[in-house]
Every structure is written in C-alpha cells, then in structure tokens.
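Q: Model the structure of this input:
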Amino acid sequence: MITKATPPSRNTANDDSLLGFITLALMKDLQNTDDMLPAKVIAYDRVTNRASVQPLIVMVNTNNEQIPRAQISSIPVLQLGGGGFVLSFPLNTGDLGWIKANDRDISLFLTSLAQSPPNTIRKHTFQDAIFIPDTMFKSVTINEEDADNAVIQSLDGTCRIAISNGSVKITAPEIIFDSPATSCTGSFETGTNPAYPDIVKFNPHV
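A: Just a heads-up that it's a prediction; the model follows:
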C-alpha cells in the first residue's frame, strides 16, 4: 500500500546552514502573521456596518489535514465616503470579499474614532481586520455601450447609471423622484418605451 508522504513543515534544503535557519525562522514568524485573505459574509448588520465573515483559505498541517480558520465576528466593513457622503451596499450572506489585518490593535480607535494607543500588544491579526466587499469573483454584465463609461449598476445591468464624458444615462424599469421640488434646466421631451408602456421616459437634450 502506497501512502502519500507527509509534507514537512520546512524546506529540508535549508537544513544545516545559517541561512537556512534564518529562512526557517522568518517563515515560521510569517505563519503567525495575518495580512489579507478572501472571505465570505456570514452575517451583516447595516446599522452598525459590521460583518461576521468566514476566511476561505484553510490551514494545512503536516498530516495533510485541512483545518478551517475560525469565523471572525463583528468587523468593520469598508464604506467609501467623505465630505458628508457615502457609498453603501446591502451585503448578503455569502457575498465575497477580502479581510485585511491592521498593523496594531484598533479596538480603542473603533470606540472613540480618535487618535488612540493600541489596547493590547497584538500585531497583524484578523482580530483587528476590516472587510472589503468585492464583486471580482462574480460575473458582471456590462452593456456594450458602456465599455468606456463609469458605471454604477446591478450585477445583471438591468438597473444602471452610466457616466461618459458628455452625458449621464440612467436605465431602469422604474425611476422614482421623491423630492418636494424638481427642476429641469433646458429642454426635455417625453415619450414611451415599448417595453414599459406605462412609464414616462425623459430624454435630456443639451
């Protein structure tokens, strides 16, 4: 009976040399240093903007056993924003992204959002991570006419805002204006879209 050899925890070519010893020491140190891994959302609270995530790269021991990493609870989710504005997304269970570890303990900072010392001596650990949502893992349908445009859209492209150098185009089955006052500078025309005969379509003209 042939059994698969157990992988060593070191490169045996580094044995019996000072360089090999230093290389092994550095490698072992890196094994205990968290940096960045893909992860999926287990739960998300949009009010607090915190997520619980499952890292998706398992650990492998010298017996070839795959050991799942522990779930990481209640870590901040990246929201792009500034100047009183924010871009926010409704994360769902199973959504994918990245966990990124901070250099130091950020627990006191998360409480005060001000300059703070680290609360513990821990460094580069996923206990102090943030979650970065990312749709690069999913198929996104970009309309051919938007090949050179900046786009905010649903994954299938049925709802989208396309920004080009000369125009902004909004495409959706329904557009709702909820405002006490709406102004239009310049001319406009109304028409009907055969696909949605009961919805008014506005075509701005320069």
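
Q: in the protein, which helix has the most residues?
A: As assigned by DSSP state H, the longest helix anywhere in the chain is helix 18-31.

Q: From the chain's centroid, how far away is the helix or strand just after it?
A: Using DSSP states H and E, the helix or strand that follows helix 18-31 in sequence is strand 36-45. Relative to its chain's centre, strand 36-45 lies at 8 Å (Cα atoms, centre = their mean, to the nearest Å).

Q: likewise stretch 137-144?
A: 17 Å.

Q: which residues touch that stretch?
A: 38, 96, 151, 153, 155-157, 160, 162, 171 (Cβ atoms under 8 Å, 6 or more residues apart in numbering). Bear in mind the C-beta positions are built from the backbone N, C-alpha and C, glycine included.

Q: Now, of these, which are buried?
A: 38, 96, 151, 153, 160, 162 (16 or more other Cβ atoms under 10 Å).

Q: Tell me which of these fall in helices.
A: Among the buried ones among the contacts of stretch 137-144, no member lies in helices (by DSSP H).

Q: Now the phi/psi pair for the one residue sitting closest to the centre of the chain, please.
A: Centroid-nearest residue in the chain, with Cα atoms, centre = their mean: Pro133, separated by 1.5 Å. Main-chain torsions, Pro133, degrees, to the nearest 10: phi -60, psi 150.

Q: How about Leu108?
A: phi -70, psi -40.

Q: what's near enough to touch the residue nearest to it when sequence neighbours are not counted?
A: Once flanking residues are discounted, Leu108 sits nearest to Ser116: 4.0 Å by Cβ to Cβ, 6 or more residues apart in numbering. Contacts for Ser116 (Cβ under 8 Å, 6+ apart) come out as 106, 108-109.

Q: so Ser116 is in which element?
A: Going by DSSP H and E, Ser116 is not part of any helix or strand.

Q: now the helices for the protein?
A: Counting by DSSP H, the chain has these helices, from start to end: 18-31, 107-112.

Q: Using PDB, list the CA coordinates for the last one.
A: Taking only C-alpha atoms (Å, rounded to 0.1, in the frame of the first residue of the first chain), the coordinates of helix 107-112 have been written out as PDB:
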ATOM      1  CA  SER A 107     -10.200  48.300  19.400                       C
ATOM      2  CA  LEU A 108      -9.900  51.700  21.200                       C
ATOM      3  CA  PHE A 109      -9.900  53.600  18.000                       C
ATOM      4  CA  LEU A 110     -13.100  51.900  16.900                       C
ATOM      5  CA  THR A 111     -14.700  53.100  20.200                       C
ATOM      6  CA  SER A 112     -13.500  56.700  20.000                       C
END
